[in-house]
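**Q** Pasting a predicted model and its sequence here:
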Amino acid sequence: MTDRRSVSRRLKRGLGLIGLVGTFLLLAAVVFFYSFTFAHLDAQAAMARASREMLEHVALPVAILMIPVTVLVLRVIRQAFRPLEEVAAEIEAVQGHERGFRIDNSQMPTEALPFTSAVNDLLARLDEAAKRQEAFAADVAHELRTPLALLSLELDRLEHDDAERLKKDVAAMRRLIDQLMLLAQIDADAVAQIPLAQISLSDVASDVVGAAAPAIIAGGKTIELVTGIHAPVTRGRREAISAALRNLIENAVRVTPAGGAIQVLVGPGASISVRDEGPGLPPDRLRNLVQRHRRADHASKDGAGLGLAIVERIMAAHEGTLETDPDRHDLILRFPEP
């Protein structure tokens, strides 16, 4: 908060100005009074007498009185603003991570009640919006996943030339639905300020690479996980970070030629890089591709063009960035240090 907008500082300055103006008016009144009281004396004697009287009976008492008055005024101002400071400290302590948090109005001054009531109403609406979004995401996931699961079972029993292609399409749709539901959950968590857990990036990379390796090797390519001595950590949702890394690996698999190699490097710092043998992705093209529904060589065919957009959204939710190093053929997930 700037000095210009600080109510406390404005009160102090205002009261200080009132004190100075009052003192000046008092001195002016005393001078006017003494001009009549010592009118019978010559000018030099009148000035000396008036100066002594002002010093002994005006200036010195005022100076002595100003010290306790100033201390008392400052104390009163601090006491008046203490409820607001306590509320600010309470909000800072919970860091907005507790759903259902409300400001306690019982100790608030009357003048602040409209503000705190409006804040509580806003918090209640945010909680309700988060609950509705979570319920919607769960309902949509159930309504979409169930028929796709049944369709997949029927395709398993179907002996037809197109059965395998249809099963791949269904699997792609299920992955897309899972990713969209994950995005909805991330948005709901952001609204509700759900606390993030500490995540080991090495563990996430190990799990994702281990799950993806069999299919990649079966496709005639290789994948390698490279980790450093130190295991970097960040705060976030493990499934979301895993989904972001899976998307980058799928992109790398698609642009890497047959017989090529893919590397997943953990570090330096809180980052995971996916290195492929494709043409590389310049930063300006990456900025275009992270816009939803854009398609290009690095856009996920299985994700209807949403692959990198989903990755970018996940990284934004974790206060991180999706970066590219076209010279090294790297796409990088860079997270903030915990």
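**A** Cool, got the structure.
**Q** what residues go with each domain of the chain?
**A** 3-94, 124-192, 197-334 (automatic domain parsing).
**Q** which of the ones you listed is buried the deepest?
**A** Mean neighbour count (mean count of other CB atoms under 10 Å) peaks for domain 197-334 among these, with a mean of 18. C-beta here means a position set from N, CA and C on the backbone, and glycine is covered the same way.
**Q** Now do that domain: distance to the chain's middle.
**A** For domain 197-334, the separation from the chain centroid amounts to 23 Å (computed by CA atoms, centre = their mean, to the nearest Å).
**Q** Let me have the domains of the chain in a markdown table, adding mean pLDDT and distance to Ala118 as columns.
**A** Shown next, in a markdown table, are the domains of the chain (pLDDT from 0 to 100; distance: least, CB to CB, whole Å):
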| stretch | mean pLDDT | distance to Ala118 |
| --- | --- | --- |
| domain 3-94 | 70 | 13 |
| domain 124-192 | 72 | 11 |
| domain 197-334 | 82 | 27 |
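**Q** quick one: which of these is nearest Thr110?
**A** Thr110 lies closest to domain 3-94 among the domains of the chain, at 10.9 Å (CB to CB).
**Q** Helices of the stretch 201-338 of the chain, residue ranges please.
**A** Assigned by DSSP state H, counting those that start in this stretch, the helices in the stretch 201-338 of the chain fall at 201-218, 238-255, 283-289, 307-317.
**Q** how about these, which one is nearest Leu265?
**A** Of all the helices of the stretch 201-338 of the chain, helix 201-218 comes closest under CB to CB, at 8.6 Å.
**Q** Can you check what angle separates that closest one from helix 238-255?
**A** 40 degrees (axes from the mean of the first three to the mean of the last three CA atoms, to 10 degrees).
**Q** contacts for helix 201-218?
**A** 222-223, 225, 227, 231-234, 238, 241-242, 245-246, 249, 253, 262, 264, 266-267, 270-272, 335 (CB atoms under 8 Å, 6 or more residues apart in numbering).
**Q** cool, stretch 152-170 as well?
**A** 148, 151, 171, 174.
**Q** quick one: the strands in the protein?
**A** Read by DSSP state E, the chain holds these strands, from start to end of the chain: 197-200, 222-226, 233-236, 261-266, 271-275, 321-325, 330-334.
**Q** tell me the angle the second one makes with strand 271-275.
**A** Which is strand 222-226. Using the same axes, to 10 degrees: strand 222-226 against strand 271-275 is 150 degrees.
**Q** what pairs with Val264 across the strands?
**A** Using DSSP bridges, the bridge partners assigned to Val264 are Leu225, Val274.
**Q** Quick check: it vs Ile314, distance?
**A** 17 Å (CB to CB, to the nearest Å).
**Q** closest one to Ala112 among the domains of the chain?
**A** domain 3-94 (6.4 Å).
**Q** So which of the domains of the chain is nearest Asp104?
**A** domain 3-94 (7.5 Å).
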